[in-house]
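A.B. asks: Dropping a prediction and its sequence here:
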Amino acid sequence: MFLRDHAVAGAPKAKEAALVNPFVRFLAQSEGDVTIVVPDTSLVMIENMLGTNISVADYISSDFPQPQVAKFKDPVMRHLIYDLGVYRTTSMTEAMSALDFRETLERAGVHANIRYARDLHAQDLSEGNSILIGGPNSNPWVSLFTDGTNFRHVDDSANHKHCFENLHPAPGEQPRYENTYSNQSVGYVDVTLLQNPSRSGYILMINGADMQANDAAARFLLHGRLPPGISEELSRKDLHYFEFLLRGRHITGEADYSVELVAVR
């Protein structure tokens with residue numbers, strides 16, 4: 001009985017603490033539930049084997065991954081592609097980020113659920129609010145909304161080109177920001193907030209160079225000290241679009257140990 005009463009008594013304080021965060025407060029004031037979409041790491045492996053990205057139309061096709069299987073003659077590869085198309089896998093890092101989002105939002109009184117990218121439907125993104133974790137190669141739904149973004153992730157393994165292109169550089173900004181992979185890696189992540197297709201809610205996209213960058217961006221939004229400029233934007237009731245680029249640094253195999261704001265749109 002004591003534990004139950006203690007939990008009930010602590011709920012208002014937990015909600016108040018969660019609502020201190022400008023991003024959490026912004027979503028709490030927006031109508032509708034929040035759907036948190038985790039990336040499909042099986043898809044990334046299929047794309048790596050094919051050497052190309054798979055469109056969202058092909059991804060949600062009822063015969064996926066049969067067309068991709070048909071591209072290989074080797075029975076072992078065909079079997080592997082088929083299995084990857086059936087199994088639902090995501091990274092532990094990004095799954096924990098999704099759980100962090102859900103728990104933090106629910107403390108603020110916002111109902112949130114976690115969905116796998118392959119189980120989503122286009123209509124789901126037109127209702128309420130959505131958080132898409134991952135880039136177009138692991139979460140194809142992101143590709144539906146990237147045309148209006150300023151920072152575009154270019155991942156060209158054949159030419160060893162991994163960067164974020166800055167389509168319209170402001171004074172003092174670089175035209176591109178290179179991701180570097182070494183013992184001390186530097187990875188960028190584009191965070192974009194825009195209205196959903198029905199204008200009834202918002203879509204947050206976290207499109208990073210890798211899973212460490214996505215995790216760093218999630219922690220920055222939920223637990224970091226947001227700069228005044230970002231906090232002010234999130235307090236606007238007429239906010240339709242907001243984008244910023246973050247830079248994270250990490251040791252190979254570890255989470256980002258530092259995150260800094262690079263540019264805001």
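C.D. replies: Now that the structure is in, tell me what you want to look at.

A.B. asks: What's the local residue count around Arg249?
C.D. replies: 17 (other Cβ atoms under 10 Å). C-beta here means a position set from N, CA and C on the backbone, and glycine is covered the same way.

A.B. asks: Would you agree it falls within a strand?
C.D. replies: Yes: secondary structure assignment (DSSP: H, G, I helix; E, B strand; the rest coil) places Arg249 inside a strand.

A.B. asks: just checking, it touches Gln212?
C.D. replies: No: applying Cβ atoms under 8 Å, one finds Arg249 not in contact with Gln212, separated by 9.3 Å.

A.B. asks: low-confidence ranges in the chain?
C.D. replies: 1-11, 157-160, 252-257 (pLDDT under 70).

A.B. asks: That one: strands as residue ranges?
C.D. replies: Along the chain, the stretches classed as strands by DSSP state E are 34-38, 112-116, 129-133, 151-156, 161-166, 176-178, 184-195, 202-208, 241-251, 258-264.

A.B. asks: center of this protein - which residue?
C.D. replies: Ile133 (2.0 Å; Cα atoms, centre = their mean).

A.B. asks: Name the residues linked to it by a beta bridge.
C.D. replies: When bridges are called by DSSP bridges, Ile133 pairs up with Ile206.

A.B. asks: Could you check how far it is from Ala17?
C.D. replies: Separation of Ile133 from Ala17 (Cβ to Cβ, to the nearest Å) stands at 24 Å.

A.B. asks: same question, Ser30
C.D. replies: Remark: distance between Ser30 and Ala17 (Cβ to Cβ) = 20 Å.

A.B. asks: and if you look at Val264?
C.D. replies: Taking Cβ to Cβ, one finds Val264 at 26 Å from Ala17.

A.B. asks: Tell me who's in contact with Arg88.
C.D. replies: Neighbour list for Arg88: 40, 42, 116, 118-119 [criterion: Cβ atoms under 8 Å, 6 or more residues apart in numbering].

A.B. asks: swap the cut-off to 6 Å and go again
C.D. replies: Counting by Cβ atoms under 6 Å, 6 or more residues apart in numbering, Arg88 touches Tyr116.

A.B. asks: What of Tyr116?
C.D. replies: 38, 88.

A.B. asks: how is this protein carved up into domains?
C.D. replies: 2-39+90-264, 41-89 (automatic domain parsing).

A.B. asks: neighbours of Asp74, just the number please.
C.D. replies: By other Cβ under 10 Å, 9 other residues sit near Asp74.

A.B. asks: Can you show me the helices along the stretch 1-150 of the chain?
C.D. replies: Ranges of helices in the stretch 1-150 of the chain, per DSSP state H, counting those that start in this stretch, are 2-18, 22-29, 41-50, 56-59, 66-69, 75-86, 92-107.

A.B. asks: Take the ones you listed and write them to JSON lines, including distance to Tyr181 and mean neighbour count.
C.D. replies: Converted to JSON lines, the helices of the stretch 1-150 of the chain look like this (distance: least, Cβ to Cβ, whole Å; neighbours: other Cβ atoms under 10 Å):
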{"stretch": "helix 2-18", "distance to Tyr181": "35", "mean neighbour count": "11"}
{"stretch": "helix 22-29", "distance to Tyr181": "29", "mean neighbour count": "19"}
{"stretch": "helix 41-50", "distance to Tyr181": "15", "mean neighbour count": "18"}
{"stretch": "helix 56-59", "distance to Tyr181": "26", "mean neighbour count": "16"}
{"stretch": "helix 66-69", "distance to Tyr181": "27", "mean neighbour count": "16"}
{"stretch": "helix 75-86", "distance to Tyr181": "24", "mean neighbour count": "15"}
{"stretch": "helix 92-107", "distance to Tyr181": "16", "mean neighbour count": "18"}
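
A.B. asks: Which one of these lies nearest to Phe242?
C.D. replies: With Cβ to Cβ as the criterion, Phe242 lies closest to helix 22-29 of the helices of the stretch 1-150 of the chain, at 9.6 Å.

A.B. asks: out of the helices of the stretch 1-150 of the chain, which comes closest to His153?
C.D. replies: Nearest of the helices of the stretch 1-150 of the chain (Cβ to Cβ): helix 41-50, 13.4 Å.
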